[in-house]
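Trainee: sequence isn't available, so here's the structure alone:
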């Protein structure tokens, strides 16, 4: 297939079928993702080195080893997320995590902290490095800096770029580009958000969670079920109302006499309609968000996106199948979909 056109002096994106990269918060989720058609799964360890540091999630060494064995036996990859920023007082947990990833057979590390990158490149030069969305690299110049200095081979773009901006970045960098295709949105500057630290005193970019579980409280009251973060009231739910994991950015607050979502309304990114344009732009990987979600979510969302990517890359006329959206709607936040920053009609 012909490569996409490029600007003078830029790098022409190679138009190939993008890799489907799916979340695994548990060994069961990893197995279901692989069986449903994921080309790669990404996971984290049971500590603050990854940005989904929740009790009951993530992998110990034995589970990583088994997950790698399961995926590799089927020709799939395992990417380890070491995507938080190392504690300035003690960087050894992040260095140990790099060593463990190499020893356990991970195919690549997803990293944000340059100290972690430098350690990985010096100690394990054979280990592929992917630039995490936590690094907030939104320009090709930034991505090229990481590629030239630390050997990054792929960059995950933050969810703030328009389609034309993604196309521009892909044309001008030699690194592979990965974008989010489906899952929860983040309206903050990813990797730079400090909102919850005002309530908890802990940075979400170092402890690995927007709302540290130890700070979350659910309380039954006569007015409804209240969700609090370090005592700060984030939301109040009716008895039968669905309850999302409480974060300040998605809380409902009284503003000018009205109670509503003041910063962000729960909704899921869904880029199915843009798949042909993303492929033509040279995007090399489509990422599904949701390591904190259930194995059932992982299995069903992976299955839909496997079908969609295969269809979009087949050369046949592409159209979003109603059954795909119907299936994904079951797993969308607030049962709502959006194209997010990809679609800005006011531009």
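Mentor: That came in fine, so what should we check first? Just so we're clear, the structure is a prediction, and the values are computed from it rather than from any experiment.

Trainee: and residue 180, what is it in contact with?
Mentor: 133, 156-157, 159, 269, 271, 286-289 (CB atoms under 8 Å, 6 or more residues apart in numbering). Yep, even glycine has a C-beta here, placed from its N, CA and C like the rest.

Trainee: any chance of the residues you listed in JSON lines, with secondary structure, distance to residue 63 and neighbour count too?
Mentor: As requested, the contacts of residue 180 are exported to JSON lines (DSSP: H, G, I helix; E, B strand; the rest coil; distance: CB to CB, whole Å; neighbours: other CB atoms under 10 Å):
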{"residue": "133", "secondary structure": "helix", "distance to residue 63": "24", "neighbour count": "25"}
{"residue": "156", "secondary structure": "strand", "distance to residue 63": "23", "neighbour count": "25"}
{"residue": "157", "secondary structure": "coil", "distance to residue 63": "29", "neighbour count": "23"}
{"residue": "159", "secondary structure": "coil", "distance to residue 63": "29", "neighbour count": "20"}
{"residue": "269", "secondary structure": "strand", "distance to residue 63": "28", "neighbour count": "23"}
{"residue": "271", "secondary structure": "coil", "distance to residue 63": "31", "neighbour count": "22"}
{"residue": "286", "secondary structure": "strand", "distance to residue 63": "25", "neighbour count": "25"}
{"residue": "287", "secondary structure": "strand", "distance to residue 63": "21", "neighbour count": "25"}
{"residue": "288", "secondary structure": "strand", "distance to residue 63": "20", "neighbour count": "25"}
{"residue": "289", "secondary structure": "coil", "distance to residue 63": "21", "neighbour count": "21"}
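
Trainee: pick out whichever of these sits closest to residue 213.
Mentor: Taking CB to CB as the measure, residue 213 lies nearest residue 289 of the contacts of residue 180, at 19.1 Å.

Trainee: wait, that closest one sits on residue 182?
Mentor: Yes: at 6.8 Å, residue 289 and residue 182 qualify as touching, with contact defined as CB atoms under 8 Å.

Trainee: which residue, other than its chain neighbours, is closest to residue 102?
Mentor: residue 124 (4.4 Å; CB to CB, 6 or more residues apart in numbering).

Trainee: partner strands of the lengthiest strand in the chain, parallel or antiparallel?
Mentor: For the chain, the strand reaching the highest residue count under DSSP state E is reported as strand 176-184. Under the criterion DSSP bridges, strand 176-184 sits next to strand 154-156 (parallel), strand 268-270 (antiparallel), strand 285-288 (parallel) in its sheet.

Trainee: the ones you listed: lowest mean pLDDT?
Mentor: If you rank the strands paired with strand 176-184 by mean pLDDT, strand 268-270 sits at the bottom with a mean of 88.

Trainee: any idea how far it is from the chain center?
Mentor: For strand 268-270, the separation from the chain centroid amounts to 12 Å (computed by CA atoms, centre = their mean, to the nearest Å).

Trainee: contacts for the next helix or strand after that strand, please.
Mentor: Next helix or strand after strand 268-270 toward the C-terminus (DSSP states H and E): helix 275-280. Contact with helix 275-280 is made by 4, 15, 17-18, 163, 166-167, 179, 181, 271, 286, 308-309, 312-313, 318, as judged by CB under 8 Å, 6+ apart.

Trainee: repeat that with 10 Å
Mentor: Identification of contacts with helix 275-280 by CB atoms under 10 Å, 6 or more residues apart in numbering yields 1, 3-5, 13, 15-18, 163-164, 166-167, 170, 177, 179, 181, 271, 283-284, 286, 305, 308-309, 311-313, 317-320, 342.

Trainee: domain-wise, how is this structure divided?
Mentor: Taking automatic domain parsing as the domain assignment, the ranges for the chain are 19-185+267-342, 197-261.

Trainee: next, the distance between the ends of the last one.
Mentor: End-to-end distance of domain 197-261: 20 Å, with CA to CA, to the nearest Å as the criterion.

Trainee: cool, the first one as well?
Mentor: Domain 19-185+267-342 has its terminal residues 20 Å apart, counting by CA to CA.

Trainee: in ChimeraX, select just the buried ones from the contacts of helix 275-280.
Mentor: Of the contacts of helix 275-280, the buried ones can be selected in ChimeraX as follows, counting by 16 or more other CB atoms under 10 Å:
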select :4,13,15,18,163,166,167,170,177,179,181,271,283,284,286,305,308,309,311,312,313,342
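
Trainee: now do the strands in the stretch 51-200 of the chain.
Mentor: Assigned by DSSP state E, counting those that start in this stretch, the strands in the stretch 51-200 of the chain fall at 77-82, 108-111, 128-131, 154-156, 176-184.

Trainee: chain center to the shortest one, what's the gap?
Mentor: Strand 154-156 sits 11 Å away from the centroid of its parent chain (CA atoms, centre = their mean).

Trainee: residues touching that strand, excluding its own?
Mentor: Against strand 154-156 from outside (CB under 10 Å, 6+ apart): 19, 21, 42, 79, 83, 108, 110, 112, 128-135, 137-138, 140, 142-144, 146-147, 169-170, 173, 175-180, 190, 284-285, 287.
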